[in-house]
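Undergrad: Next one to model:
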Amino acid sequence: MAPAEAVGSGDAALRDALRQWRRLRAAGRSGDPDAAVPGCVFGVVVGDRLDSIAGDVEEIRKEIAWVRNVIVGAVAAAAIATVLRFMGWVP
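TA: Now for the predicted structure:
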């Protein structure tokens with residue numbers, strides 16, 4: 001099997017991770033712990049996946065907040081309607 005035939009999606013992902021790792025290593029280390037350079041390719045891959053998951057979690061949080069606001073609004077509307085009925089303002 002020729003090397004060109006063996007290149008699949010996993011190989012491409014590994015090559016991209018290696019390129020990114022080399023670029024990060026070439027950039028050097030800074031004193032900022034948030035800008036820490038991963039020590040290996042696995043660290044680069046895990047970091048990318050964690051960033052992806054963090055974005056998904058933030059999206060889920062926004063959706064849950066929206067659902068909570070809808071529920072609170074529905075409960076408030078039902079409470080106001082009940083109060084108005086008891087006071088006789090709405091038949």
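Undergrad: Number of residues surrounding residue 21?
TA: For residue 21, the neighbour count with other C-beta atoms under 10 Å is 20. Quick note: C-beta positions are derived from backbone N, CA and C, even for glycine.
Undergrad: Could you tell me the per-residue confidence at it?
TA: Model confidence at residue 21, given as pLDDT, is 76.
Undergrad: now residue 89, what's its secondary structure?
TA: The three-state label given to residue 89 by DSSP: H, G, I helix; E, B strand; the rest coil is coil.
Undergrad: How many residues are close by it?
TA: For residue 89, the neighbour count with other C-beta under 10 Å is 8.
Undergrad: could you say which helix or strand contains the residue nearest the centre of the chain?
TA: Centrality entry for the chain: nearest residue to the mean C-alpha point is residue 55, 1.4 Å, by C-alpha atoms, centre = their mean. Using DSSP states H and E, residue 55 sits in helix 41-87.
Undergrad: now swap in residue 24 and tell me
TA: Per DSSP H and E: helix 9-27 holds residue 24.
Undergrad: So for that helix, what gets flagged as buried?
TA: Neighbour-count burial for helix 9-27, with 16 or more other C-beta atoms under 10 Å as criterion, is recorded at 17, 20-21, 24.
Undergrad: Turn the residues you listed into JSON lines, columns for distance to residue 80.
TA: Output for these, formatted as JSON lines (distance: C-beta to C-beta, whole Å):
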{"residue": "17", "distance to residue 80": "56"}
{"residue": "20", "distance to residue 80": "56"}
{"residue": "21", "distance to residue 80": "59"}
{"residue": "24", "distance to residue 80": "57"}
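Undergrad: still on that earlier bit, quick one: distance of the helix holding residue 24 to the chain centre.
TA: 22 Å (C-alpha atoms, centre = their mean, to the nearest Å).
Undergrad: got the angle between the helix holding residue 55 and helix 9-27?
TA: If you take axes from the mean of the first three to the mean of the last three C-alpha atoms, to 10 degrees, helix 41-87 sits at 100 degrees to helix 9-27.
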